[in-house]
Structures are given as C-alpha cells and as structure tokens.
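Chemist: Let me see the structure of the following:
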Amino acid sequence: CIRYLAIVLSMLLSVSNHVFSQINLEDSMMMDTEKINAYLDLIYEDSDPQKIIFYAQEALNLAVFLNNEDRQIAALIGLGYGYRLKGALQQSMEQLLKAASLSQNSDNVNLEIIYMEISNTLSRSGDYEQALTYNRKAIAILKEGDDDYNLAATLLNSGSTFSKTGQYDSALTYFGKSKRIFKEMNFMMGLGHALGNEALAYFRLKRLDEAKAGFVEAIAILETESDAYGVSNFEIQLGRLLIQQRDTSSAVKHILSGLTKARSLDLKEQVKDASLTLSSIYAAKNDKVRAYDYLKLMQEMKDSIANEEIVKKLANQRADFEISLKQAEIDISEQKRKNQNVALISGAIILFLVLIFSLVLYRNFRAKLILSRELTSLNESKDKLFSIVSHDLRGPVSAFKGVAQMIKIAVSQKQTDLLIEVADEVHKTANQLSGLLDNLLSWAVKEKGEFNAVKEKISIDELLKDIEETYHGMAKAKGIHLVIEKFQE
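Modeler: Next up is the predicted model:
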C-alpha cells in the first residue's frame, strides 16, 4: 500500500508539473506586457487606418486581460487615432473620451496627449471652437511641465486652427509663441514651419510684404535642415504671393523649384496645385504648349490621386481580409486557451479525487496495520501467560501431589502426627499458590498497560526462602532435603 501511495504521489507531482508548465507557457504567450508594447509601437509605425485600429484593439484586449490601466489608455488613444485617420470621427471621439475618463485614476499618463488627439479629431470634423478648447487644455498642462517641444507643437496646431477659422490675430499670437519656444530650443525645423505658417496667415490677410519675408526666411531655414517637404510647400505658396505682386518671373522660378521637390517626394497634391498655377501663368502668356503640358501634368496628378483612392480602398479591403484571418487565428487561440482551462479544472478535480482515494486507502491500511499489531501483541501475551502459568504452577501442583502421597501413607499407617504435619504443608502450599496467582494477575494487568511498574529493592534471601517453601513439599515427598545457603551480598 505504501508503494502504491508513493506511485500515486509521483503521478500527482508529474501531472501538476505538466499542467503548471502549460499555464506558464500560455501566460508567457498571451499576457506578456512586451506584446502590448509591440502592438502600441506598430500603431505609430503604420499609416493604414485599418491596421492601426487592429493593432490598437489587440493591445487593448491584452491590457484589459492584464488589468493594466496605463496600457489600456495608450491603446484607446491609438484607437482614436486610427478611427480619425479612417474618417470615423464619432468612434474616434468615443475612444478618446474613454481614455480621458480612465486616465483620471492614473498617475502615469500624459493627459495632454489625449487632449491633443481630441483637438485633432474635432478640427477634422470642423468643430474648430471645441478643437481650440482642448488645445488650450493641453497647453495648460504642458506649461506646467518641461515638455517644450510638445508645447510649441500644440501652439503651432492651435495657430493653424485659428487661421482656418479666419481668426488671424489669434493665429499670429500662437505662431509667435511657438516661434519663440522653438528658437529657445534651437529647434530650427520647428521654427521654420512656424515662420511658414505665420507667413501663410499674413498672406491671407493681404499683408504681402510680411508674408513674403516670412516665406523667404522659412524656406532658407528648412533648406538648411534638408526639409524638402516644407521647402516645396512654402515655395509654391511664395510663388502664388509673387503672382499677386505681379513678379511673374520670380513666381515661376519658385513654383518650378517647389514643383521639382514635390515631384521628387511624390507629393501629388502639391504637384497638382503647382501645375495648375503654372498652366494658368503660361496660358496668360499665350504659351499654349507649356500651358497644355502643365495642365496635362495636373490632370495626371488628379487621376493618380483618384487611382490612389481606389488602391487605398482595395488595400483597406485586403487589410479587412487579413484582419478577419488574424481574428480567426485569435479565436482559435482563445478557444485553445479555454480548452486548456477546462482541462486544467478537470485535471485538478481528478487529482483531488485521486488524492482523497489515496488518503482513504492509506487510513484503512494504517487501521489494519494497528489492529494486526494489537492482535500479534495479544497472542504473544497469551502465549507468554500460558508459558508462565504452566511453569509457575508446576511447583505447587507437584507439591500437592507429594502431600497427597504423604496423606496416603499417614492414613495407611494411622500416623496422626504426620497428618497434622501434612495439613500444615497443605496450608502453606495453598498460601503459596494463592500468592502465585496474585502475581500472575498483577503481571497480566501490567501487560495491558493499566498501571506502571514501580522498581524496588528485594532481598535475595527472602526470594530463595519463598522458592524453598514452594518446592519443600514435593522434595519431602521424594525424600529430598533442601538446603539454602545464606546469600552473600
């Protein structure tokens, strides 16, 4: 039974180690924080809204499973960003507001980032007033910290929003603040974009000289910073300004320069706008060939943009298909995890039942073992008792036999004195037998454990005397004279 119990315990340990190793493996695959971080990184490395939404949703699912609020907030911001790029502005706003609500309980989240994303979504929807409100909230938080870059960038975005709503004075104020911070940081690229956007506001206000100076300075800075995108955009804007100042040759020069950079960067919108402007200039000069060439280029860019929209739709459909496949894999993985949980619970129940069964077997074995030992002890005590009784009663019984022989002789010879002597011997032997029986009873009680033995000193002489008295009658009947020498201690 002990061997069986050892086998069962070994089996339990083996099964439990296997189960827990499976749990640890599943945990490392499904609940690793690094996996969430990887999804969050992918959000801002991809420009496809469908993929961004997928990455953000995966990160959110894992973060909820791990009860990691900081990662949940980051994933919600990613979802808001993805839905905004997709054009689903209501869904974008819902996710961002969830992030803002959840961030109230977190100390590790930059709330200004949430406000900036909300502002971008509102601006995309045309709600410029609310966009500015959230921009102000972001700016208020950023002013209390030391994140000068995001503060300047938010001020620049606020200026652009004011410019879109025709609030040019406010736009110029925010552009000025943004310029000052970028200049203090010596971040020239940011300063160049602030100057260019400020110049664009002056252009819309018909303050052409200030706009021209701003565009020229912005272009010079961005050329030094190798920002071809910014240079292309602001050179085309400068060319349009020069057309209004009737400096057509300089206008063509800057627009052509901007067009060249835009074509090298494949900036189709800028190429289309620059081509249309150049076509108009050459048409006014009656240069029909060039006017047609640039009009044709404009139409090509327009068609290309339309084709890109088709390609984008196809890409989105492909992304939807890939996401559905990925979702199927996730569903299979989730079902596998559920099956493993069921197997774990079933295994635990089986292990528990086996353990209970083993304990019951072990208890029965112990009870039988104890009973067997008690029976063995009783048998040994019985055998010992019989041995002692047969041995110790042999003397008194033999003495009675001797006395009986003496009585027979005394009666046949009518020796009254001998009978009296024999009677004394009978009395003495009876007393010895009674004492022996008392001793046997005491020994039996002691063997049962009902009282403890108390050690005491005895006299060897008295012990020998008792032995002599026990065997005196039997010896006398046989004509044997017993002599006891005094024991020398």
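Chemist: I figured residue 234 was touching residue 197, is that so?
Modeler: No - judged on CB atoms under 8 Å, residue 234 makes no contact with residue 197 at a distance of 9.2 Å. For every residue, glycine as well, the C-beta is placed using N, CA and C.
Chemist: higher neighbour count, those two?
Modeler: Using other CB atoms under 10 Å as the criterion, residue 234 and residue 197 rank with residue 234 on top: 28 against 23.
Chemist: Can you tell me the closest non-neighbouring residue to the more buried one?
Modeler: residue 196 (4.4 Å; CB to CB, 6 or more residues apart in numbering).
Chemist: and residue 216, what is it in contact with?
Modeler: Residue 216 makes contacts with residue 238, as judged by CB atoms under 8 Å, 6 or more residues apart in numbering.
Chemist: can you count the residues close to the residue nearest to residue 234?
Modeler: Neighbour count for residue 196, taken as other CB under 10 Å: 25.
Chemist: show me the contacts for it.
Modeler: Contacts of residue 196 (CB under 8 Å, 6+ apart): 214, 215, 218, 219, 222, 230, 233, 234, 237.
Chemist: Restricted to strands, list those residues.
Modeler: Assignment to strands by DSSP state E places none of the contacts of residue 196 there.
Chemist: Count the neighbours of residue 58 for me.
Modeler: 21.
Chemist: ok, now how distant is it from residue 37?
Modeler: For residue 58, the distance to residue 37 (CB to CB, to the nearest Å) stands at 12 Å.
Chemist: got it, and residue 129?
Modeler: Distance of residue 129 to residue 37, given as CB to CB: 36 Å.
Chemist: between those two, which one's more packed in?
Modeler: Neighbour totals were compared for residue 129 and residue 37, and residue 37 leads with 13 against 10 (other CB under 10 Å).
Chemist: secondary structure element for that one?
Modeler: Using DSSP states H and E, residue 37 falls within helix 33-43.
Chemist: export the contacts of residue 196 to TSV and tack on distance to residue 279 and pLDDT?
Modeler: Output for the contacts of residue 196, formatted as TSV (distance: CB to CB, whole Å; pLDDT from 0 to 100):
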residue	distance to residue 279	pLDDT
214	27	95
215	22	94
218	26	94
219	23	94
222	26	92
230	24	87
233	19	89
234	21	93
237	17	92
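Chemist: Just send those residues back as JSON lines, with distance to residue 182 too.
Modeler: Formatted as JSON lines, those follow (distance: CB to CB, whole Å):
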{"residue": "214", "distance to residue 182": "14"}
{"residue": "215", "distance to residue 182": "17"}
{"residue": "218", "distance to residue 182": "12"}
{"residue": "219", "distance to residue 182": "16"}
{"residue": "222", "distance to residue 182": "12"}
{"residue": "230", "distance to residue 182": "13"}
{"residue": "233", "distance to residue 182": "18"}
{"residue": "234", "distance to residue 182": "16"}
{"residue": "237", "distance to residue 182": "20"}
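Chemist: can you tell me the helix or strand for residue 354?
Modeler: Counting by DSSP H and E, residue 354 is part of helix 288-392.
Chemist: Please tell me how far the host helix or strand of residue 440 is from the chain's geometric centre.
Modeler: Residue 440 is part of helix 416-447 when elements are defined by DSSP H and E. Centre-to-centre, helix 416-447 and its host chain are 87 Å apart (CA atoms, centre = their mean, to the nearest Å).
Chemist: what mean pLDDT does that helix have?
Modeler: Helix 416-447 carries an average pLDDT of 71.
Chemist: buried ones in it?
Modeler: Residues 422, 425, 426, 428, 429, 432, 433, 436 are the ones in helix 416-447 that count as buried (16 or more other CB atoms under 10 Å).
Chemist: which one of the residues you listed sits closest to residue 118?
Modeler: residue 436 (110.0 Å; CB to CB).
Chemist: separation between the closest one and residue 467?
Modeler: Using CB to CB, residue 436 is found at 11 Å from residue 467.
Chemist: chain center to stretch 292-308, what's the gap?
Modeler: For stretch 292-308 - counting by CA atoms, centre = their mean - the centre lies 54 Å from the chain centre.
Chemist: List the buried residues in it.
Modeler: Judged by neighbour count using 16+ other CB under 10 Å, the buried positions of stretch 292-308 are 294, 295, 297, 298, 301, 302.
Chemist: Same check on stretch 259-272?
Modeler: 259, 261, 262, 263, 267, 268, 270, 271, 272.
Chemist: pLDDT weak spots in the stretch 1-150 of the chain?
Modeler: Scanning the stretch 1-150 of the chain for pLDDT under 70 picks out 1-32, 46-47, 107-110.
Chemist: circling back to that earlier point, just checking, what packs against the helix holding residue 37?
Modeler: If you count contacts as 3 or more CB pairs under 8 Å, 6 or more residues apart in numbering; DSSP states H and E, helix 33-43 packs onto helix 49-66, helix 69-86.
Chemist: can you tell which of those is closest to residue 355?
Modeler: helix 49-66 (31.5 Å).
Chemist: ok, how many other residues are close to residue 289?
Modeler: Count around residue 289 with other CB under 10 Å applied: 8.
Chemist: Could you check how far it is from residue 252?
Modeler: Using CB to CB, residue 289 is found at 15 Å from residue 252.
Chemist: now do residue 150
Modeler: From residue 150 over to residue 252 (counting by CB to CB), the distance is 39 Å.
Chemist: These two: which has the busier surroundings?
Modeler: residue 252 (20 against 17).
Chemist: what pLDDT does that one get?
Modeler: Here, the pLDDT recorded for residue 252 equals 92.
Chemist: quick one: contacts for it?
Modeler: Going by CB under 8 Å, 6+ apart, the list of residues near residue 252 reads 239, 278, 281.
Chemist: what sits against the nearest residue to the second one once chain neighbours are set aside?
Modeler: Same thing as residue 278. Distances taken as CB to CB, 6+ apart place residue 294 nearest to residue 278, at 4.3 Å, with adjacent residues excluded. Counting by CB under 8 Å, 6+ apart, residue 294 touches 275, 276, 278, 279, 282.
Chemist: Sitting in helices, which of those do you find?
Modeler: Among the contacts of residue 294, the members found in helices (DSSP state H) are 275, 276, 278, 279, 282.
Chemist: wait, the first one sits on residue 295?
Modeler: Yes - Residue 275 sits in contact with residue 295 when judged by CB under 8 Å, with a separation of 7.3 Å.
Chemist: neighbours of the closest residue in space to residue 230 that isn't next to it in sequence, just the number please.
Modeler: Nearest residue to residue 230 in three dimensions, chain neighbours excluded: residue 222, at 4.1 Å (CB to CB, 6+ apart). Other residues lying near residue 222 total 25 when counted by other CB under 10 Å.
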